[in-house]
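Colleague: pasting the structure only:
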């Protein structure tokens, strides 16, 4: 069977999420570079794979998908992974809840932090907007208060089992560690212990290595 194809570079958090799921199920895959700097993602043929002009896109034979969390679920289902807990209705519902929290709350504040704290100064040679950074760091602290409370009761977000909801967080936390603002998490010991456990997972370690190699 031909390897699946993932379009985009591992340094992109959404691409890294997909790669971690592929590693979890032991699937063969190829990383297909998409040059964001030249706008390749906004032109054909990439627009035929992702009509919103973003990465990643994913191809498995004739099936083409976009949106990293949907791709991740497809990979885990196809690979019969237990990271979605689909054999237990209540547990799978909690995975969905916390995956939505990651997408709608955590990721939405992390994106501007990573863009202002890493992409602009390091990759674009520009000056960060400190107001945007401060505003989103404050929002992140409010979110982490909720996480800290949750993780004081459970080992992982959806319960006492690791799931896609946990693994889905690692790309942005990894990138946060590349900025001067990683210490924002120090005030939340349960969050720190949780993310350390997630990032110690062999599959996650491998993808973090790819993020540096392809960055």
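Modeller: Okay, I see it. As the structure is a prediction and not an experimental result, all values here were calculated from the model. Numbers count the residues shown, from 1 in each chain.

Colleague: make it CA atoms for all contacts and neighbour counts henceforth
Modeller: Will do.

Colleague: Return the set of buried residues in the helix ranked longest in the chain.
Modeller: The residue-count maximum for a helix in the chain (DSSP state H) belongs to helix 130-151. With burial defined by 16 or more other Cα atoms under 10 Å, the residues of helix 130-151 counted as buried are 133, 136-137, 139-140, 144, 147-148, 150-151.

Colleague: Check the model's average confidence along that helix for me.
Modeller: The average pLDDT within helix 130-151 is 98.

Colleague: residues making contact with it?
Modeller: The contact list for helix 130-151, computed with Cα atoms under 8 Å, 6 or more residues apart in numbering, reads 105-106, 109-110, 112-113, 116-117, 157, 184-185, 188-191, 194.

Colleague: Could you give the separation of it from the chain centroid?
Modeller: 17 Å (Cα atoms, centre = their mean, to the nearest Å).

Colleague: What residue spans form the domains of this structure?
Modeller: What the TED database lists as the domains of the chain is 4-79, 89-206.

Colleague: Could you count how many residues lie near residue 41?
Modeller: 25 (other Cα atoms under 10 Å).

Colleague: How about residue 176?
Modeller: With other Cα under 10 Å as criterion, residue 176 counts 21.

Colleague: ok, now residue 108?
Modeller: 15.

Colleague: circling back to that earlier point, so which of the contacts of helix 130-151 sit within helices?
Modeller: Counting by DSSP H, the contacts of helix 130-151 place 109-110, 112-113, 189-191, 194 in helices.

Colleague: picking that back up, which one among the buried residues of helix 130-151 gets closest to residue 179?
Modeller: Within the buried residues of helix 130-151, distances to residue 179 taken as Cα to Cα reach their minimum at residue 133, with 11.3 Å.

Colleague: And that closest one, how far from residue 114?
Modeller: 9 Å (Cα to Cα, to the nearest Å).

Colleague: Also residue 134?
Modeller: Distance from residue 134 to residue 114, by Cα to Cα: 12 Å.

Colleague: try residue 176
Modeller: According to Cα to Cα, residue 176 stands 6 Å off from residue 114.

Colleague: quick one: contacts for residue 38?
Modeller: Taking Cα under 8 Å, 6+ apart as the definition, residue 38 has no contacts.
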